[in-house]
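> any chance you could fold what I've pasted below:
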Amino acid sequence: MRTAFYIRVSSPRGQKTDSQRAELEAWRTRQRLKAVRWFEDKDSATNFQRPAFQQLQSAIFKGEIETVVVWKLDRLARSLKDGINILADWCKRDVRVIAVTQQIDLSGTVGHLIASLLFGIAEMELQHTKERQAIGIALARQRGVYKGRLAGTTKATPKRAQELRRQGLTVPEIANALNVSPRTVFNYLHLSRPHSV
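Numbering: from 1, shown residues only. The predicted structure follows:
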């Protein structure tokens, strides 16, 4: 089973995955795929700690998945930056991504070209965000209201980083899964930063 189908709705209350599943099943029938793995979440796409998404990520890291099929790309992530980060990581691992209703197939030369364009847009957006953030922090410092990150707070759960490390993930893979920097992961794992990971 090298093909994964990922479905997500934002809330377990009042939202069902039936319509997504029906369209994906129809696509699977047309493609004559028999053995596939299903991953289903009922959680917001802004949260990367979604159980099924984490299981999918783990299967991809282990090389068990070659193709991920979704109803629409926004099932993976809501923000452009997060979505592009996911796609970039999967493309590096030669994972084919198909969005059925949008008729997007990120495979082959054209797929890589589209992915590169999306990655470039995301990089520009990230730079603009950093610039706006830096300006905002500078203005807040002038007004004396910026205190920086509170001591003892973290961007993600150190315990989760340690769990992923025990599963055999590398530091860059853990950083991508938790949406933090590799340096943050090293701090969580209490490791001194080596020259290569």
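> how about the helices in the chain?
18-31, 51-61, 80-92, 108-142, 158-166, 171-178, 182-189 (DSSP state H).
> so what does the longest one touch, helix or strand wise?
By that I understand helix 108-142. Judged by 3 or more Cβ pairs under 8 Å, 6 or more residues apart in numbering; DSSP states H and E, the packing partners of helix 108-142 are helix 80-92, strand 104-106. The C-beta positions use only the backbone N, C-alpha and C, and glycine is treated the same way.
> would you mark the buried spots in the first one?
It stands for helix 80-92. Within helix 80-92, the residues that count as buried by 16 or more other Cβ atoms under 10 Å are 82-91.
> would you format the helices and strands packed on helix 108-142 as a markdown table with mean pLDDT and distance to Phe186 included?
As requested, those are arranged in a markdown table below (pLDDT from 0 to 100; distance: least, Cβ to Cβ, whole Å):
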| stretch | mean pLDDT | distance to Phe186 |
| --- | --- | --- |
| helix 80-92 | 79 | 19 |
| strand 104-106 | 84 | 31 |
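> Thr129 is nearest to which of the ones you listed?
helix 80-92 (7.7 Å; Cβ to Cβ).
> can I get that closest one in PDB? Just the C-alpha atoms.
Output of helix 80-92 as PDB, limited to C-alpha atoms (Å, rounded to 0.1, in the frame of the first residue of the first chain):
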ATOM      1  CA  LEU A  80       0.200  29.200   2.100                       C
ATOM      2  CA  LYS A  81       3.400  29.000   4.100                       C
ATOM      3  CA  ASP A  82       2.500  25.800   5.900                       C
ATOM      4  CA  GLY A  83       1.100  24.100   2.800                       C
ATOM      5  CA  ILE A  84       4.200  24.900   0.800                       C
ATOM      6  CA  ASN A  85       6.500  23.700   3.600                       C
ATOM      7  CA  ILE A  86       4.600  20.300   3.600                       C
ATOM      8  CA  LEU A  87       4.700  20.100  -0.200                       C
ATOM      9  CA  ALA A  88       8.400  21.000  -0.300                       C
ATOM     10  CA  ASP A  89       9.300  18.300   2.200                       C
ATOM     11  CA  TRP A  90       7.300  15.700   0.400                       C
ATOM     12  CA  CYS A  91       8.700  16.700  -3.100                       C
ATOM     13  CA  LYS A  92      12.200  16.200  -1.600                       C
END
